[in-house]
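J.: Need a 3D model of the following:
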Amino acid sequence: MDLLFLGTSSGVPTKGRNVSATAVIEASGKAWYLVDCGEGTQHQLLHTPLSMRDLRAIFITHVHGDHCFGLPGLLASAGMSGRSEPLDLILPLDLHDWVRQSLAVSQTFLPFELRLHALETLEGWSSAHIHVSTIELSHRVPSYGYVFAEVNPDPRLDLERLQADGIPRGPLWGDLAQGRDVTVEGRLINARNYLRPSRPGRRIIVCGDNDNPELLAEVAKGADVLVHEATFTLPVLESSRTNYGHSTAAAVAQFAEAAGVPNLVLTHFSARYQNNPQRSPSIDDVRQEAAARYSGQLILAADLRRYHLGRDALLAEVL
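T.: Residues are numbered from 1 along each chain as shown. This next block holds a predicted model:
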């Protein structure tokens, strides 16, 4: 599985960072999922190999504009690019009418079915290779995180069951190995019943805005990657008198260390943090604050950077 960051700034874009959007890419490297869609997300996609035709679903974490204002334009462009497959859109119920009205008043007629799902009542969403569940977080408005878990990764044939059920060796086994259902003596044989994972499935948590990382304690158990906002550092938070419902790098790092999460990716940085370490406050301040409290693989997300989660459970940048 890969992560490709399309926007890593909090609230407003900067010259080097767009607002929130993260692509989660299947192990195949083709099918992908979008978490949040800040304004300008479709422009960021133009600098990546991702295709709107391969997008399986969009997941919005909460109603704030820096996480959703890019939706109408992205949907319109998806239609103009020739997409015809239905698209699932999971987002807060309060945004459903906004999406519909944005498309209607602009006379945008999508050539594909747009299937809206209410985030608040979602009991899980699945594709052929990914299952997505939710976790409620703490913010000024209701906010959620999404847990992406691989389904039946790198499947192999269950030879014992095939033999026990009398399915003859040969081309039929090859079809089942490719995930194709077959018919044997009038019986429909479902391929998924004869495929078993050859390795543990990987799990990635991608969070919306959240000022209480401890809410992730249960879902973080066994997770390979935690993607979490680090809008502020402690000195900035203490001087501002309020945190607006956001976390510090220190709080997230302390939680990830205690939870034993092997890979921590920080994102959603306040625009006040400069890329130049000679200027203050600097994005380097965020890194140093987190590194002092976390001993795992620490990554500060950057726009248009792609990271691969290997079988060794190590998240590494794709160069």
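J.: And the helices in the chain?
T.: Secondary structure of the chain (DSSP state H): helices located at 41-45, 71-80, 96-105, 159-164, 171-177, 217-220, 234-240, 249-259, 283-291.
J.: Make JSON lines out of the ones you listed and add mean pLDDT and distance to L188.
T.: Placement of C-beta: from N, CA and C, glycine included. Formatted as JSON lines, these follow (pLDDT from 0 to 100; distance: least, CB to CB, whole Å):
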{"stretch": "helix 41-45", "mean pLDDT": "97", "distance to L188": "40"}
{"stretch": "helix 71-80", "mean pLDDT": "96", "distance to L188": "35"}
{"stretch": "helix 96-105", "mean pLDDT": "97", "distance to L188": "38"}
{"stretch": "helix 159-164", "mean pLDDT": "83", "distance to L188": "15"}
{"stretch": "helix 171-177", "mean pLDDT": "82", "distance to L188": "12"}
{"stretch": "helix 217-220", "mean pLDDT": "96", "distance to L188": "37"}
{"stretch": "helix 234-240", "mean pLDDT": "84", "distance to L188": "60"}
{"stretch": "helix 249-259", "mean pLDDT": "98", "distance to L188": "44"}
{"stretch": "helix 283-291", "mean pLDDT": "96", "distance to L188": "53"}
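J.: what pairs with the residue nearest to H96 when sequence neighbours are not counted across the strands?
T.: Excluding its sequence neighbours, the residue lying closest to H96 (CB to CB, 6 or more residues apart in numbering) is L116, at 5.2 Å. L116 has the following beta-bridge partners by DSSP bridges: L89.
J.: In terms of pLDDT, where does L116 sit?
T.: Per-residue pLDDT puts L116 at 98.
J.: Then N276?
T.: pLDDT at N276 comes out at 80.
J.: G29 now?
T.: Per-residue pLDDT puts G29 at 78.
J.: list the contacts for the nearest residue to it once chain neighbours are set aside?
T.: Excluding its sequence neighbours, the residue lying closest to G29 (CB to CB, 6+ apart) is D2, at 7.1 Å. Residues near D2 by CB atoms under 8 Å, 6 or more residues apart in numbering: A23, V24, I25, G29, R306, Y307, H308, L309, V318.
J.: Domain parsing of the protein, as residue ranges.
T.: Domain assignment for the chain, taken from automatic domain parsing, gives 2-154+199-317, 155-195.
J.: Show me how far the last one is from its chain's centre.
T.: From the chain centre to the centre of domain 155-195 is a distance of 33 Å (CA atoms, centre = their mean, to the nearest Å).
J.: that older thread, relative to M80, how far out is the residue nearest to H96?
T.: Distance from L116 to M80, counting by CB to CB, to the nearest Å: 20 Å.
J.: Repeat that for I60.
T.: From I60 to M80 the distance is 22 Å (CB to CB).
J.: So the two - more neighbours on which side?
T.: Legend: neighbour count by other CB atoms under 10 Å for I60 and M80, higher for I60 (24 against 12).
J.: number of nearby residues for the closest residue to G82 other than its chain neighbours?
T.: Sequence neighbours aside, R53 is the residue nearest to G82 in space, at 7.0 Å (criterion: CB to CB, 6+ apart). Neighbour count of R53, defined by other CB under 10 Å: 13.
J.: show me the contacts for R53.
T.: Applying CB under 8 Å, 6+ apart to R53 gives the contacts S81, G82, R83, E85.
J.: still on that earlier bit, closest to S270 out of the helices of the chain?
T.: Minimum separation from S270 across these (CB to CB) falls at helix 234-240, 7.1 Å.
J.: what sits up against that closest one?
T.: With contact meaning CB under 8 Å, 6+ apart, helix 234-240 is reached by F232, N243, T248, A249, A250, S270, R272, P281, D285, E289.
J.: what's the answer for stretch 68-83, then?
T.: The contact list for stretch 68-83 (CB under 8 Å, 6+ apart) reads 19, 21, 36-42, 45, 51-53, 55, 58, 60, 87, 89, 91, 95, 99, 102-103, 106, 108-112, 114.
J.: what about G79, how many neighbours?
T.: 18.
J.: scratch that, V182 is what I was asking about
T.: Neighbours of V182 using other CB under 10 Å come to 17.
J.: you'd agree it is up against Y194?
T.: No - using CB atoms under 8 Å as the test, V182 is too far from Y194 to be in contact (9.6 Å).
J.: what is in contact with these two at once?
T.: Listed contacts common to V182 and Y194 are I167, L176; contacts here mean CB under 8 Å, 6+ apart.
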